[in-house]
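**Q** show me how the following folds:
(one chain, ligands or ions: 3)
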Amino acid sequence: DASRAISLYCELAARAARELGGDRILVYHPALHESRRRQQVSVEELRRACDRGEFEVHYQPSVQCSDRSLVGVEALLRWQHPTNGLLYPDRFIRDAERSGLIVRIDNLVLRLVAEQVAGWIDAGTIDERFSASVNISPVHLADPDLLNDLRVIADRVDARRIRLEITESAAMRDPEYTVDVLSSVRSLGYTVILDDFGTGYSSMAWLHRLPAQILKIDRTFVRDLATDADSRRIVEVMVSLARDLGLATTAEGIETDEQSRILAEIGCDYGQGFLLGRPVPASELVAGLRTTS
Ligand code: C2E
Ligand code: CA
Ligand code: CA
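**A** Ligands and ions are numbered 1, 2, ... in the order given. Have a look, this model is predicted:
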């Protein structure tokens with residue numbers, strides 16, 4: 001329908017603007033569709049990017065809703081492509097998953113984040129409650145080596161500082177298996193976040209069994225929070241459901257003061273979004289931490 005088409009066009013124009021370095025206004029043009037298709041990456045390129053260390057991690061602040069104090073970051077993958085510039089995950093994650101290379105890339109991100117967090121701890125840059133979350137692909141979740149990979153990481157950094165984000169739909173693919181593997185993940189010390197919550201159709205009974213500690217309310221609910229009474233009610237229900245199950249809540253995609261205020265009012269614990277901080281390289285984040293503290 002029309003509004004979906006418009007939001008897709010906005011998204012395409014915004015992405016093109018970002019890829020040109022940001023800080024610019026770009027008007028949608030049908031050629032943007034074309035350029036996206038043309039710029040699909042090849043598996044060979046992805047493999048080379050792994051070998052040459054072209055992937056990097058940006059960090060988006062996560063804050064406590066009540067007072068907007070910093071509680072951590074989410075690690076987000078970026079590809080510094082030699083000719084196309086900085087690429088966002090939507091351009092290459094799907095191919096990385098299809099080829100299985102995502103497991104290698106996930107491990108690379110985990111290692112980079114572990115080193116970063118260990119460095120921050122040593123330098124006294126972050127406080128006790130600060131943690132970093134890392135997205136785990138559904139493909140990696142299903143991989144028999146996952147627990148080994150996480151054990152290696154736990155040798156490099158206190159696992160209590162790392163949160164693993166697994167989407168609700170990935171967790172739902174094989175609920176019994178997910179419960180098993182996430183129990184082991186938790187016993188290694190990691191915190192588990194159920195990402196994109198509200199889009200994966202989990203049942204109450206199953207949520208109750210799932211070894212997750214935090215529900216991350218999907219950004220589609222946050223987007224309409226201030227303008228649509230149904231969205232607000234849905235978020236209220238999610239927060240109270242989480243509370244009944246003994247889980248914390250976090251919201252993503254907070255772009256306006258109004259959304260942030262409502263989330264605090266509803267009692268959502270944590271939040272992140274462009275309003276509170278964009279994903280930036282570690283160096284810029286640390287500069288920000290220094291000026292605000
Ligand atoms: P996600 O886990 O839902 O990550 C949040 C996405 O929302 C990020 O996009 C972030 O830049 C964007 N975002 C943050 N604040 C706002 C906001 O206020 N408004 C809007 N509209 N968007 C916001 P990004 O970095 O492009 O990542 C997209 C997806 O790629 C992620 O979705 C995640 O599923 C995947 N991804 C990112 N990094 C990794 C990684 O290291 N490993 C794996 N397996 N997947 C990753
Ligand atoms: Ca995430
Ligand atoms: Ca998400």
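
**Q** what helix or strand is the nearest residue to Ala159 once chain neighbours are set aside on?
**A** Spatial nearest neighbour of Ala159, excluding adjacent residues (CB to CB, 6 or more residues apart in numbering): Gly189 at 3.3 Å. No exception for glycine: its C-beta is placed from N, CA and C like everyone else's. Gly189 belongs to no helix or strand when assigned by DSSP states H and E.

**Q** check contacts around Gly189.
**A** Taking CB atoms under 8 Å, 6 or more residues apart in numbering as the criterion, Gly189 is in contact with 154, 158-160.

**Q** list buried residues within the residues you listed.
**A** 154, 159 (16 or more other CB atoms under 10 Å).

**Q** near ligand 2 too, which of the contacts of Gly189?
**A** When CB under 5 Å from the ion is applied, no member of the contacts of Gly189 is adjacent to ligand 2.

**Q** on that earlier part again, where does the residue nearest to Ala159 fall, phi/psi-wise?
**A** Note on Gly189: backbone dihedrals following degrees, to the nearest 10 are phi 110, psi -10.

**Q** roughly how far apart are it and ligand 3?
**A** 23 Å (CB to the ion, to the nearest Å).

**Q** CA atoms only for the longest helix along the chain, dumped as CSV, please.
**A** Assignment by DSSP state H gives helix 101-123 as the longest helix of the chain. Once non-C-alpha atoms are left out, helix 101-123 reads as follows in CSV (Å, rounded to 0.1, in the frame of the first residue of the first chain):
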residue,chain,number,x,y,z
LEU,A,101,30.3,-17.2,6.3
ILE,A,102,28.2,-15.4,8.9
VAL,A,103,29.5,-17.8,11.6
ARG,A,104,33.0,-16.6,10.9
ILE,A,105,31.8,-13.0,10.8
ASP,A,106,29.8,-13.4,14.1
ASN,A,107,33.0,-14.7,15.8
LEU,A,108,35.0,-11.9,14.4
VAL,A,109,32.5,-9.4,15.9
LEU,A,110,32.5,-11.3,19.2
ARG,A,111,36.3,-11.2,19.4
LEU,A,112,36.5,-7.5,18.5
VAL,A,113,33.8,-6.6,21.1
ALA,A,114,35.5,-8.8,23.8
GLU,A,115,38.8,-7.0,23.2
GLN,A,116,37.1,-3.6,23.2
VAL,A,117,35.3,-4.3,26.4
ALA,A,118,38.3,-5.7,28.1
GLY,A,119,40.2,-2.6,27.1
TRP,A,120,37.6,-0.3,28.4
ILE,A,121,37.5,-2.2,31.7
ASP,A,122,41.4,-1.9,32.0
ALA,A,123,41.3,1.8,31.2
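
**Q** next SSE after it?
**A** strand 131-135.

**Q** can you tell me what sits against that next one?
**A** Residues outside strand 131-135 that contact it (CB under 8 Å, 6+ apart) are 59, 62, 71-77, 106, 109-110, 113, 116-117, 160-165, 191, 193, 195.
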